[in-house]
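Colleague: build me a structure from this.
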Amino acid sequence: MSYLDNLESNLKSMEDREERSYRGPDQRARLDAAKAKAAAAPYAEQLRRGPFAAELMNEAVRIGFGLRTKVYISWVDGGLRLDAREFRLELKATPEGVVARFSEGGTFLREQKINLGGNAKKLAEEWMSTVGPRPAAG
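Modeller: Numbers count the residues shown, from 1 in each chain. Presented below is the predicted three-dimensional model:
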């Protein structure tokens, strides 16, 4: 090994060591977010592939049809989002389980933990009851 190859190897190893030893706030936040995402992954997979989400979507659309309200459904960041009028129901996987977040017009209303083995119809009815017809102003 030549002198220049040895010097290059030493510089590279010093840079690698320096990068590993530095743990800035940005890197710490990224590591924490990656750990939380990894811990929530089993719940996200269960939400996506299990029967709960399918039943919830079917029931919300069925109830929305009766209210003459379109229910928009989308998968966002491993979570399920349902929108009807100005109301939103988001199911998000967390390290502790799945959480349902209710909001109206972009304003957070409340949050509750969801049992994926539970009754999705009950959750759909609870959410769609807030979307229901409003009394006429006047």
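
Colleague: drop to CA atoms for contacts and neighbour counts, all remaining ones
Modeller: Will do.

Colleague: for this structure, what spans make up the helices?
Modeller: Remark: helices assigned in the chain by DSSP state H are 3-21, 25-49, 51-66, 120-131.

Colleague: TSV please, covering those helices and showing mean neighbour count and distance to Val98.
Modeller: Putting the helices of the chain into TSV (neighbours: other Cα atoms under 10 Å; distance: least, Cα to Cα, whole Å) gives the following:
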stretch	mean neighbour count	distance to Val98
helix 3-21	11	34
helix 25-49	14	6
helix 51-66	17	11
helix 120-131	17	13
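
Colleague: out of the ones you listed, which is closest to Pro95?
Modeller: The minimum distance between Pro95 and those falls on helix 25-49, with 4.2 Å, by Cα to Cα.

Colleague: other SSEs contacting the closest one?
Modeller: Using 3 or more Cα pairs under 8 Å, 6 or more residues apart in numbering; DSSP states H and E, the elements in contact with helix 25-49 are strand 79-84, strand 87-94, strand 97-104.
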